[in-house]
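Asker: Next comes the sequence, and after it the predicted model I'd like to discuss.
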Amino acid sequence: MKQITTVGLDLAKQVFQVHAAAADGSPIFNRKLRRAEVLRFFEKTPACLVGMEACGSAHYWAREISALGHDVRLIPPVYVKPFVKRGKTDAADAEAISEAVTRKTMRFVPVKSADQQAAAVVLKTRALLVNQRTQVINALRAHLSEFGIIAAAGTTKVAGLISIVCDETDVRLPKAARFALMEIASQIEALKAQIEKLEKVIVATVKRDDDARRLVTIPGVGAITAASVRALVPDPGGFKSGRHFAAWLGLTPKPHSSGGKERLGRISKMGNPALRSLLVVGATAVLRHARGNPNASKWLTALLARRPYRIVAVALANKTARIIWALLVKGGTYQDNGASNQRATA
């Protein structure tokens, strides 16, 4: 019997699919495994190359299987799809993974440690609570507007609305409406407390991390953005340059070139949407202070004079991403060498 050198593992909740191949690429078997059988299978299998699609549970399985002596590599699902011959089945997916993982030019996803995943869970939990708070605030605003009570935009103006709801002497709200809106108001306060609790943990983590402390010196990069970079980008050295990192985040135009003609389309918006959003929001904050500021970057001022505001924000986010990559890969700290020259020095 041929020796197994490559295994394609199609992950699932309960029923996994395994495709084993020999050194010449010929298939040995393709069969199903129950969840409890996966680790036992790899314990008995000689050390080999194991490929998996990068998904929710992929990092856990990669750590467990790597501990058994195998070389585990995670592949972005979009790079596996071209190797699926026909139809969508678990067996076809496992075979495609087994073939894709052997390609010399294939790009792989770094395996995250449990601590890195834990940090990402904290950030994702905060983002979930922020979204829930926004939904509840919008509900409160909508209900109060039906009674002619409105407030200016922004979360800081919600306190005034809550005080109106809690004021039983205000005759603009019927008793039944006030009873229901009190529950919404209490939920807003509870979410606010939970978000602040998580943010304290995030800020404390950033203060303990040397790389994160250096990142927050970049204009437009705060504790949340720095913590997100550290949690969601486990190996910045895997990118060839800062432009590759910015392209991975979806902050560069999508190329469509042929016949020697270079054509650049819209911003691709690929990569991690949470991290991209944080960089754009941070860039927007920098632009807000740059308008009319004589000490602002000349590059930024000139760009604002000829391009729309949101396009400049994305361009600045692109530049910030490149600076982040330079600091993480080359070391050093961010230095603002005058308004005309901003760069990261090693």
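Answerer: That came through fine. Given the structure is predicted, the values throughout are model-derived calculations rather than measurements.

Asker: Secondary structure of Gly8: a strand, I assume?
Answerer: Yes: the assignment for Gly8 by DSSP: H, G, I helix; E, B strand; the rest coil puts it in a strand.

Asker: Nearest residue to it in space, please, no chain neighbours.
Answerer: Nearest residue to Gly8, sequence neighbours excluded (C-beta to C-beta, 6 or more residues apart in numbering): Ser98, at 2.9 Å. Glycine gets a C-beta too; all of them are placed from N, C-alpha and C.

Asker: low-confidence ranges in this structure?
Answerer: Judged by pLDDT under 70, the chain has its weakly predicted residues at 1, 337-346.

Asker: residue ranges for the helices of it, please.
Answerer: 38-44, 58-66, 77-80, 90-100, 114-145, 158-166, 175-208, 210-215, 223-232, 242-248, 273-290, 298-306, 309-330 (DSSP state H).

Asker: got a list of what the residue nearest to Gly8 touches?
Answerer: Contact analysis of Ser98 by C-beta atoms under 8 Å, 6 or more residues apart in numbering lists 6-8, 19-21, 27, 51.

Asker: Phe83: neighbour count?
Answerer: 19 (other C-beta atoms under 10 Å).

Asker: Would you check that it makes contact with Glu99?
Answerer: Yes: look at Phe83 against Glu99 with C-beta atoms under 8 Å: they come within range, at 5.0 Å.

Asker: Find the centremost residue of the protein, please.
Answerer: What sits nearest the mean C-alpha location of the chain, by C-alpha atoms, centre = their mean, is Asn272, with 3.6 Å.

Asker: Pretty sure it sits against Thr225.
Answerer: No: in this structure Asn272 lies outside contact range of Thr225 using C-beta under 8 Å: 11.9 Å.

Asker: I'd like the helices of the chain laid out as a markdown table, including distance to Gln14.
Answerer: Shown next, in a markdown table, are these (distance: least, C-beta to C-beta, whole Å):
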| stretch | distance to Gln14 |
| --- | --- |
| helix 38-44 | 11 |
| helix 58-66 | 14 |
| helix 77-80 | 20 |
| helix 90-100 | 12 |
| helix 114-145 | 22 |
| helix 158-166 | 44 |
| helix 175-208 | 32 |
| helix 210-215 | 38 |
| helix 223-232 | 28 |
| helix 242-248 | 33 |
| helix 273-290 | 29 |
| helix 298-306 | 53 |
| helix 309-330 | 39 |
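
Asker: Tell me which of these approaches Arg31 most closely.
Answerer: When the helices of the chain are compared by C-beta to C-beta, helix 90-100 sits nearest Arg31, at 8.5 Å.

Asker: Buried residues of that closest one, list them for me.
Answerer: The neighbour-count check on helix 90-100 (16 or more other C-beta atoms under 10 Å) flags 90-100 as buried.

Asker: how far is stretch 233-244 from where the chain is centred?
Answerer: Taking C-alpha atoms, centre = their mean, to the nearest Å, one finds stretch 233-244 lying 14 Å from the centre of the chain it belongs to.
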